[in-house]
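Q: just the structure for this:
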Amino acid sequence: MAEDQEEFIEESAYVVLDLGPDLSDDFLKSLASNKSNVAITDLMESRIFTQIDNQTFMGHVEDPVGSNLLFEMKEKQVDRSGLLPMLATMRNSSSDEQRSKWNASFVNEASKIVLSQPIDFIPKTTAPSHQKSSYG
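A: So this is what the prediction gives:
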């Protein structure tokens, strides 16, 4: 390997991104449904910036006290086509309501929590004319 080339080690890390208590449920649902673009700065830095579409957040990383397990939720598909019509009407509807309609399957474990708050950028103003320097 040449000396001027750097060796990069690619590593995956699952994090829980806490965007703060001030965001509405509608905003969070729209992020998920629109499959918004997310960019996060280096997790090893003391301040972490996260950008989701046009919203920017600043935060820091904390190690979780316990384990944060990530699950994928899928709705159960019930096949009732095999039941005779007479048996289908005799089923106890309360037993259907007691059964879970969702399956949870383990995906991975989150190793870090990023606690963030939304931030706004203030446009940079130009310096007053007496402070400007001219380059000749």
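
Q: now do residue 79, the pLDDT please.
A: pLDDT for residue 79: 62.

Q: point out where the protein drops to low pLDDT.
A: In the predicted model, the chain carries pLDDT under 70 at residues 1-4, 78-100, 126-136.

Q: quick one: the helices in it?
A: For the chain, the helices defined by DSSP state H cover 25-33, 85-90, 93-98.

Q: which residue is nearest the middle of this protein?
A: In the chain, the centroid-proximal residue (CA atoms, centre = their mean) is residue 17; its distance is 5.4 Å.

Q: who touches it in this structure?
A: For residue 17, the contact set (CB atoms under 8 Å, 6 or more residues apart in numbering) comprises 40, 50, 114, 116. All C-beta atoms are positioned from the backbone trio N, CA, C, and that covers glycine.

Q: what about residue 116, how many neighbours?
A: 20 (other CB atoms under 10 Å).

Q: equivalent analysis for residue 58, please.
A: The number of residues near residue 58, taken as other CB under 10 Å, comes to 13.

Q: what sits closest to it if chain neighbours are left out?
A: Among residues not flanking residue 58 along the chain, residue 119 sits closest, at 4.8 Å (CB to CB, 6 or more residues apart in numbering).

Q: the residue nearest to the centre of the chain bridge partners, please.
A: Residue 17 has the following beta-bridge partners by DSSP bridges: residue 114.
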